[in-house]
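In: This is a predicted model, with the sequence first.
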Amino acid sequence: MDHRDSSYWTEKALALRPELAYYRDRADEARAAVKKAKMTFLPALNLRGSYENNSRAFSDPSGDAVTLMAVLDFNL
């Protein structure tokens with residue numbers, strides 16, 4: 001008969017329980033989802049740009065327009 005202490009057998013039993021690993025993974029996923037949800041409330045600096053060609057002919061140089069924007073979004 002093996003005379004190891006109960007902590008050894010408890011650790012061994014827990015290691016052989018695959019559903020515990022599954023639930024640990026689900027808990028990690030839940031923590032990541034909470035972190036992602038909290039990040040939507042943080043301020044964000046976004047850079048946006050657009051280019052337009054409004055000329056009648058493609059070779060007409062007077063129809064170009066370029067817009068660059070820096071937008072700061074924050075949640076009230």
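Out: Perfect, thanks for sending it.
In: So Lys36: helix, strand or coil?
Out: Under DSSP: H, G, I helix; E, B strand; the rest coil, the three-state class of Lys36 is helix.
In: I'd like the distance between it and Arg4.
Out: Separation of Lys36 from Arg4 (C-beta to C-beta, to the nearest Å) stands at 43 Å. Just so you know, the C-beta spots here come from the backbone N, C-alpha and C atoms, and that holds for glycine as well.
In: hmm, who's touching stretch 33-44?
Out: Counting by C-beta atoms under 8 Å, 6 or more residues apart in numbering, stretch 33-44 makes contact with 72-75, all of which sit outside it.
In: quick one: the helices in this structure?
Out: Ranges of helices in the chain, per DSSP state H, are 6-15, 18-39.
In: Tabulate those (a markdown table), appending mean neighbour count, distance to Ser55 and mean pLDDT.
Out: As requested, the helices of the chain are arranged in a markdown table below (neighbours: other C-beta atoms under 10 Å; distance: least, C-beta to C-beta, whole Å; pLDDT from 0 to 100):
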| stretch | mean neighbour count | distance to Ser55 | mean pLDDT |
| --- | --- | --- | --- |
| helix 6-15 | 10 | 72 | 86 |
| helix 18-39 | 10 | 43 | 92 |
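In: Make JSON lines from these and add distance to Ala65 to it.
Out: JSON lines is the format used below for those (distance: least, C-beta to C-beta, whole Å):
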{"stretch": "helix 6-15", "distance to Ala65": "65"}
{"stretch": "helix 18-39", "distance to Ala65": "34"}
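In: do you know which of these lies nearest Gly49?
Out: The stretch from the helices of the chain with the least distance to Gly49 (C-beta to C-beta) is helix 18-39; that distance is 24.2 Å.
In: If I take that closest one and helix 6-15, what angle do their directions form?
Out: Following axes from the mean of the first three to the mean of the last three C-alpha atoms, to 10 degrees, one obtains 70 degrees for the angle between helix 18-39 and helix 6-15.
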